[in-house]
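Participant: compute the structure for the input listed below.
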Amino acid sequence: MEDRPARDLPESLAARRGALRLLAHVLRDGRMLGDGASGLTGAPAARALRLAGLVLRHMGRADALLKARMQRQPAARIRDILRLAVVEIFVDGAAPHGVVNDAVALARATPRTVKQAGLVNAVLRGLGGAEAEWTALPPPALPAWLRKPLAKAWGRDRLEAIEAAHLTPAPLDLSVKPGGLAPDGVTLPTGTLRLDGGQVSALPGYAEGTWWVQDAAAAVPVRLLGDVAGQRVLDLCAAPGGKTMQLAAAGAEVTALDVSEARLKRVAENLTRTGLSATVVTADAMNWTPPAPFDAILLDAPCTATGTIRRHPDLPHLREARDVEALTRMQFHLLDRALTMLAPGGRLVFCTCSLLPVEGEHQITAALKRHPDLRATALDPAAYGLPPETQSPHGLRLLPDLWPDRGGLDGFYMALLTKAA
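Facilitator: Coordinates of the predicted model:
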């Protein structure tokens, strides 16, 4: 079955096989979940991606449940088959009979695992009545390299709340043009429109280009710049372009710069769909010189993206402690470089979608020491629709456990800096 085309398999089995391929892609090959390695298209591909994401999100809980029922660790593929089955039964609410049958079929599909099909059958059929045991399992712990600094920064209770928040997939957030056609949803205090989900291209207003997908937290940094109408604004590290479109919709003369030509192509496509305009530049910010200084700059710096784990559950399995040092060094240099492109009296917003203070608060503290002509603006969270606890040294700090009753937010840090006139 492993070599049979997906079209020759029942859709459920094809999707489950695709999910296993995606899990191997992440856990063994160290690749991003969304790299399209399921070998499927259309609805089965979407289902495979969703199932793989669920497994990665609940993997620690699945492993804990399975460990008590096995004397030794099985082969990696068998372990993934069991994880997938457990998550489908206890999280997705799939019918156990169909899940077990497909899991056994997947074990029998390759010569190296066929002898363990009996183990798969026995373990999964022994899970009957384990609902209470599953419910009592704590959320999976973040990896030690991330957990330790987060506990130090935010406290153990807040850390556990963040880990619990990661169990829930992110909702669909939209930034809408003023007065534009939009789907039915709930408007958050920050101004973002939030939906439970749906096929993006089929939602009202998509074809008309009246909105774009953008997490509520990611939409706040542009607002820190205030009125940008008629001003020259640089969106540095611009892809995928949500902030570029925010700036253009606000009337700014935007330059969107990114080192990735492929990612900027997506920015250009979104600008075309929304009828917004910006100058798109493919270049390395460290080597690019603008024709004139900018009135304002938005630097959404490359980071560990640990604030986006609830929408990218593969990240804890791909990032390592050594990534932090390289990224913080890059942020340091990008911030200094951006300041050389800023006009006297100009404003710069620095932000990262990271949970780590070394990629946020610490960067701004260090920058203020390096640049005596720079000052940080004290920000009132209420002015941006945020609760008081989001106030942080020199800026605003958002964490995923914020607004659990509204669906949460991505983790973000943002600060507004002004260069002396």
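
Participant: excluding chain neighbours, what is closest to residue 250?
Facilitator: Of all residues not flanking residue 250 in the chain, residue 228 sits nearest, at 5.2 Å (C-beta to C-beta, 6 or more residues apart in numbering). (C-beta placed from N, C-alpha, C; glycine too.)

Participant: quick check: pLDDT value at that neighbour.
Facilitator: Residue 228 carries a pLDDT value of 98.

Participant: also residue 48?
Facilitator: 94.

Participant: surely it is in a helix?
Facilitator: Yes. Judged by DSSP: H, G, I helix; E, B strand; the rest coil, residue 48 forms part of a helix.

Participant: next up, the contacts around the residue nearest to residue 250.
Facilitator: 222, 247, 250, 251, 252, 295, 296 (C-beta atoms under 8 Å, 6 or more residues apart in numbering).

Participant: what secondary structure does it sit in?
Facilitator: Following three-state DSSP, residue 228 is assigned to coil.

Participant: neighbour-wise, which of the contacts of residue 228 leads?
Facilitator: residue 222 (28 neighbours; other C-beta atoms under 10 Å).

Participant: shouldn't that residue be in contact with residue 252?
Facilitator: No. With contact defined as C-beta atoms under 8 Å, residue 222 does not count as touching residue 252 (9.2 Å).

Participant: which residue, neighbours along the chain excluded, lies closest to residue 321?
Facilitator: Closest to residue 321 by C-beta to C-beta, 6+ apart is residue 145, at 3.7 Å.

Participant: host element of the one you found?
Facilitator: Here residue 145, judged by DSSP states H and E, is contained in helix 144-154.

Participant: next helix or strand past that helix?
Facilitator: helix 156-165.

Participant: in that following helix, what's buried?
Facilitator: Using 16 or more other C-beta atoms under 10 Å as the test for burial, helix 156-165 gives 159, 161, 162, 163, 165.

Participant: for residue 81, see how far away the fourth one is.
Facilitator: When distances are taken as C-beta to C-beta, to the nearest Å, residue 163 and residue 81 turn out to be 26 Å apart.

Participant: can you give me the strands for this structure?
Facilitator: With strands called from DSSP state E, the chain shows them at 172-176, 186-187, 193-195, 211-213, 232-236, 253-258, 279-282, 294-300, 342-352, 374-376, 391-392, 395-398, 412-419.

Participant: report the buried residues of stretch 335-353.
Facilitator: Applying 16+ other C-beta under 10 Å to stretch 335-353 flags 335, 337-339, 341-343, 346-353 as buried.

Participant: cool, and stretch 312-321?
Facilitator: Neighbour counts over stretch 312-321 (16+ other C-beta under 10 Å) mark 312, 313, 314, 315, 316, 318, 319 as buried.

Participant: report the contact partners of the nearest residue to the last one once chain neighbours are set aside.
Facilitator: Taking C-beta to C-beta, 6+ apart, and ignoring the residues beside it in sequence, residue 319 has residue 304 as its nearest neighbour in space, at 5.5 Å. Contact analysis of residue 304 by C-beta under 8 Å, 6+ apart lists 315, 319, 323, 324, 327, 354, 356, 359.

Participant: how far away is the closest residue to residue 38 other than its chain neighbours from residue 414?
Facilitator: Distances taken as C-beta to C-beta, 6+ apart put residue 18 closest to residue 38, at 3.4 Å, once the chain neighbours are dropped. As judged by C-beta to C-beta, residue 18 and residue 414 stand 37 Å apart.

Participant: show me which of those two is the more surrounded one.
Facilitator: Using other C-beta under 10 Å, the more surrounded residue of residue 18 and residue 414 is residue 414, with 29 against 25.

Participant: OK, contacts around the more buried one?
Facilitator: Contacts of residue 414 (C-beta under 8 Å, 6+ apart): 220, 221, 224, 349, 350, 351, 395, 396.

Participant: farthest pair within those residues?
Facilitator: Using C-beta to C-beta, the contacts of residue 414 reach their maximum pairwise distance at 220 and 350, which is 13.0 Å.

Participant: how deep is the residue nearest to residue 321 tucked in, by neighbour count?
Facilitator: By other C-beta under 10 Å, the residues close to residue 145 number 15.

Participant: can I assume it is in contact with residue 325?
Facilitator: No. Residue 145 is beyond contact range of residue 325, at 11.2 Å (criterion: C-beta under 8 Å).

Participant: helices - which of the contacts of residue 228 land there?
Facilitator: Within the contacts of residue 228, residues falling in helices by DSSP state H are 222, 247.

Participant: show me the domain layout of this protein.
Facilitator: Domains of the chain are assigned by automatic domain parsing as 6-136, 172-419.

Participant: from the middle of its chain, how far away would the shortest one be?
Facilitator: I take that to be domain 6-136. Computed by C-alpha atoms, centre = their mean, to the nearest Å, the chain-centroid distance of domain 6-136 equals 23 Å.

Participant: once you drop chain neighbours, what's closest to residue 282?
Facilitator: Once flanking residues are discounted, residue 282 sits nearest to residue 261: 4.7 Å by C-beta to C-beta, 6+ apart.

Participant: what does the model give that neighbour for pLDDT?
Facilitator: 94.

Participant: next, count neighbours for it.
Facilitator: Residue 261 sits with 11 neighbouring residues when counted by other C-beta under 10 Å.

Participant: if we can go back for a sec, what's the most distant pair in the buried residues of stretch 312-321?
Facilitator: Once C-beta to C-beta is applied, these give 313 and 319 as the farthest pair, at 12.1 Å.

Participant: in stretch 260-269, what counts as buried?
Facilitator: Buried residues in stretch 260-269 (16+ other C-beta under 10 Å): 264, 267.

Participant: what does that stretch contact?
Facilitator: By C-beta under 8 Å, 6+ apart, stretch 260-269 touches 238, 239, 240, 241, 244, 256, 258, 278, 280, 282.

Participant: and if you look at stretch 40-55?
Facilitator: Contacts of stretch 40-55 from elsewhere in the structure, counted by C-beta under 8 Å, 6+ apart, are 6, 11, 14-19, 21-23, 26, 33-34, 36, 38, 62, 80, 83-84, 87-88, 91-92, 169, 313-314.
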